[in-house]
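S.K.: Could you look at this predicted model? Sequence included:
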Amino acid sequence: MTDVRVSMDPGNLPQLPRPATEPWRAVNKSKSVKLAISAFAPALVAAAVTLLLALDPAIGVVLVYLPIQILTSVFIGRSLYGKKGQGDALLVVFTAFFSLLVGGLLLSVILSVITMGLRAMSWQFISQNNIYITPTTSLDYGGVGHAILGTVIIVGLTTLLTVPLGILVSVYLTETRSKMRNVVRTLVQAMSGLPSVVAGLFIYSAMIVGLHIGYGGWLGSLALLPLMLPTVSRVAEEALRLVPQDLRNGALALGAPAYRAFLQVTLPAARSGLVTALILGIARVIGETAPLILTVNSANGTNLDPSKPMAALPTYIFQFIANVYDSSVQRAWGAALMVLILVAVLFTAARLVSRDKRAAKRK
Amino acid sequence: MTVENPHLRAKDVNVWFGERHVLRDVNLTFPANQVTALIGPSGCGKSTFLRTLNRMHELIPSAGFAGEVLLDGSDIYAPEVDPGNVRLNIGMVFQKPNPFPTMSIKENVLSGLKLSGRKSSNAEELVETSLRRASIWNEVKDRLNDPALSLSGGQQQRLCIARSLAMNPEVLLMDEPCSALDPGSTRRVEETILELSPEMTIVIVTHNMQQAQRISDQTAFFLAEDGNPGRVVEFGTTDQVFNQPIDPRTNDYVNGHFG
């Protein structure tokens, strides 16, 4: 390279080694070739070896592909960027590998629920209930309609009870200066570690054994409450904390009492975060099975009265997956898909309802 | 210095944050319908002092206060006084524009009424006069229902001024209202202040010496030396403080020798 160190006298400006006709690039041609090799070659080689030796794919990935990929990336990383590149390549390989692994597992769970569930899915499966259905009845009869309604009622009741309570807790934690805040926060955190079966057992022993109240949907809602509350209050607390103090001060400086400042300024500003709290809370409890088995029991017919035993999707799955008959297992898969669909529908609805009306109007 | 027609008066104001004494024995008088500038280096307590004038100070946890603040002769810290009512009479504009993000321009102007639980008989008119007084009416009259956040920073600040004016306060406190604004918006806000001053007592904290000279009638210079609590070093007409300061430290500060 030519020496470009030139004194900065005017009229003696440094000459560039060559005219800068092209913009500078972090990745030039030879670099991109090397990067492409490190990205694809190990996979191709590993695939070939695995096929030739007829290895198990999992073994091929872990014992053949991963070592080759690490060696190639480290070698190329070192040749491109020196010692730092070596460590960098190692980290990139590991993070990419494990995120793909986790993402793949998640995808496989969802895909198997969808593919298996679709075999049972039909309008009749969604709309009918479980009366006269035995584990061997063909999939042309019966469905989960009663369980969908049961889940919606039980979880809906839980939501009605928990969301106001959770938001009140989060208001206490963010908007007051009480000395008890840390105690409350710790209690709520401890609550989130409560095993769901214990919540169910508590309601079972207190209400059903203790007070001789019969199984019923509302007892299930009570059992789900302590499971949903920590999620709702924690997310709502974060949402309220994100509202800038400036806004609260602005409202108070206009002469507002604290409760009006909260209701008219802080709460609307935190709205989308509070909807997230609602959604995550529902997602937390919609699949809970153990508390419902202990407190709601189950029903084969459609029951809209929450004081009586009722069906719910998780307990329906539990009931049918225990049987070995094909049609039973397929019903369970169908119900599992139904839970996913229900969650998706609820989330979309919540997002649509909570969308900023003003932002929508502007379009 | 003696002031005729005192409107707002701070008597022996002392302020603590926890154990830390941050303001000592501040005595200032704000005459009616004049602009008073509070100047001084960062951390000397002038913003803190401003916040004691409408009881925003006490919202900070660990804040302590002693002294009196008299509005038309009655102490706003008297036990029977509701801080909400104090803030209705003594409005405040903050350093960073803080329009309410979920409200439209119009709703922002009317937010003070809603927040203090009042009704306005002619809301439309109030919106227009408030926005006119804050000299932003012409820019927003065709989009009063747009979200407040669609405005530029300088417009947002003038909207916040309009929001305060809609409550028709007797005193307006401004905490470095132009520090987040570009020169053009700063000029507009200064013009607004000058237009308001014949009908309103204004107290403004500023770090900008030129701004203090352009808009204020009197100036107070605050200083906190070597970990001591802040106090007022000099208080007088703006002309005096800037051109014939009595204290050498004032002279150093207004001429940019320190701070």
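M.R.: Here it is on my side, so go on. Source: prediction; values computed, not measured. Numbering: from 1, shown residues only, chains lettered A, B, ... in the order given.
S.K.: Next to chain A, which bits of chain B? Give me the list.
M.R.: If contact is defined as Cβ under 8 Å from any Cβ of the partner chain, the residues of chain B in contact with chain A are B:54, B:56, B:59, B:61, B:84-88, B:91-92, B:94, B:96, B:98-102, B:104, B:111-112, B:114-117, B:146-147, B:160, B:163-164, B:167. Using the backbone N, CA and C atoms, a C-beta is placed for each residue, glycine as well.
S.K.: Could you tell me how many residues sit around A:Glu237?
M.R.: Other residues near A:Glu237 number 22, with proximity taken as other Cβ atoms under 10 Å in any protein chain shown.
S.K.: again, but for A:Tyr172
M.R.: Residues near A:Tyr172, counting by other Cβ under 10 Å, number 16.
S.K.: Please tell me I have it right and it contacts A:Arg185.
M.R.: No. The pair A:Tyr172 and A:Arg185 does not pass the contact test of Cβ atoms under 8 Å, sitting 9.5 Å apart.
S.K.: Point out the residues in chain A that sit beside chain B.
M.R.: Where chain A comes near chain B, counting by Cβ under 8 Å from any Cβ, the residues are A:177, A:244, A:246-247, A:249-257, A:260-261, A:264-265, A:268-269, A:271, A:356, A:358-359, A:362.
S.K.: Now list the buried members of those residues.
M.R.: Neighbour-count burial (16 or more other Cβ atoms under 10 Å in any protein chain shown) is assigned, among the residues of chain A next to chain B, to A:247, A:249-257, A:260-261, A:264-265, A:268-269, A:358.
S.K.: ok, which stretches of chain B are helices?
M.R.: When secondary structure is read from DSSP state H, chain B shows helices at B:46-52, B:83-89, B:105-115, B:123-133, B:137-140, B:153-165, B:183-196, B:209-215, B:238-243, B:248-254.
S.K.: closest to A:Pro226 out of these?
M.R.: Nearest to A:Pro226 among the helices of chain B is helix B:105-115; the distance by Cβ to Cβ comes to 36.0 Å.
S.K.: Can I get the closest one in CSV, CA atoms only?
M.R.: Once non-C-alpha atoms are left out, helix B:105-115 reads as follows in CSV (Å, rounded to 0.1, in the frame of the first residue of the first chain):
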residue,chain,number,x,y,z
ILE,B,105,-54.9,18.6,20.7
LYS,B,106,-58.3,19.8,21.7
GLU,B,107,-58.6,17.3,24.5
ASN,B,108,-55.2,18.3,25.8
VAL,B,109,-56.3,21.9,26.0
LEU,B,110,-59.4,20.9,27.9
SER,B,111,-57.7,18.3,30.0
GLY,B,112,-57.2,20.6,33.0
LEU,B,113,-61.0,21.1,33.2
LYS,B,114,-61.6,17.4,33.0
LEU,B,115,-58.9,16.5,35.4
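S.K.: rewinding a little: list only buried entries from the residues of chain B next to chain A.
M.R.: Neighbour counting by 16+ other Cβ under 10 Å classes B:54, B:56, B:59, B:84, B:86-88, B:91-92, B:94, B:96, B:98-102, B:104, B:111-112, B:114-116, B:146-147, B:160, B:163-164, B:167 among the residues of chain B next to chain A as buried.
S.K.: Flag the shaky bits of chain B, pLDDT-wise.
M.R.: Counting by pLDDT under 70, the ranges of chain B that qualify are B:1-5, B:258-259.
S.K.: let's go with 80 and repeat that
M.R.: In the predicted model of chain B, residues B:1-6, B:120, B:257-259 satisfy pLDDT under 80.
S.K.: Residue most distant from the centroid, it?
M.R.: Here the centre of chain B is the reference, and by Cα atoms, centre = their mean the most remote residue is B:Asp142, at 29.3 Å.
S.K.: and B:Ile202, which of the helices of chain B is closest to it?
M.R.: Go through the helices of chain B one by one with Cβ to Cβ and the one that ends up closest to B:Ile202 is helix B:183-196, at 6.1 Å.
S.K.: Now do that closest one and helix B:153-165, the angle between them.
M.R.: Per axes from the mean of the first three to the mean of the last three Cα atoms, to 10 degrees, the angle that helix B:183-196 makes with helix B:153-165 is 20 degrees.
S.K.: Now the stretch 151-259 of chain B against chain A: closest residue?
M.R.: Minimum separation of the stretch 151-259 of chain B from chain A (Cβ to the nearest Cβ) falls at B:Met167, amounting to 6.2 Å.
S.K.: Now for that residue: which residues touch it?
M.R.: A:254-255, B:88, B:91, B:112-113, B:116 (Cβ atoms under 8 Å, 6 or more residues apart in numbering or on different chains).
S.K.: Please identify which of these is nearest to B:Cys178.
M.R.: After measuring the contacts of B:Met167 against B:Cys178 - Cβ to Cβ - the closest member comes out as B:Gly91, at 16.9 Å.
S.K.: show me what contacts that closest one?
M.R.: Taking Cβ under 8 Å, 6+ apart as the criterion, B:Gly91 is in contact with A:253-254, B:54, B:164-165, B:167, B:169, B:171-173.
S.K.: Okay, and the beta partners of it?
M.R.: When assigned by DSSP bridges, B:Gly91 has beta-bridge partners B:Leu172.
S.K.: ok, now how distant is it from B:Ala134?
M.R.: Counting by Cβ to Cβ, to the nearest Å, the separation of B:Gly91 from B:Ala134 is 12 Å.
S.K.: repeat for B:Ala123
M.R.: Using Cβ to Cβ, one gets 16 Å for the distance from B:Ala123 to B:Ala134.
S.K.: Looking at the two, which is more packed in?
M.R.: Counted by other Cβ under 10 Å, B:Ala123 and B:Ala134 do not tie: B:Ala134 has more neighbours, with 27 against 14.
S.K.: count of neighbours near the residue nearest to the more buried one when sequence neighbours are not counted?
M.R.: Counting by Cβ to Cβ, 6 or more residues apart in numbering or on different chains, B:Ala162 is the residue found nearest to B:Ala134 once chain neighbours are left out, at 3.7 Å. Residues lying near B:Ala162 (other Cβ under 10 Å) number 27.
S.K.: May I ask you to confirm that B:Ala162 is in contact with B:Arg133?
M.R.: Yes. Using Cβ under 8 Å, B:Ala162 is in contact with B:Arg133, at 6.9 Å.
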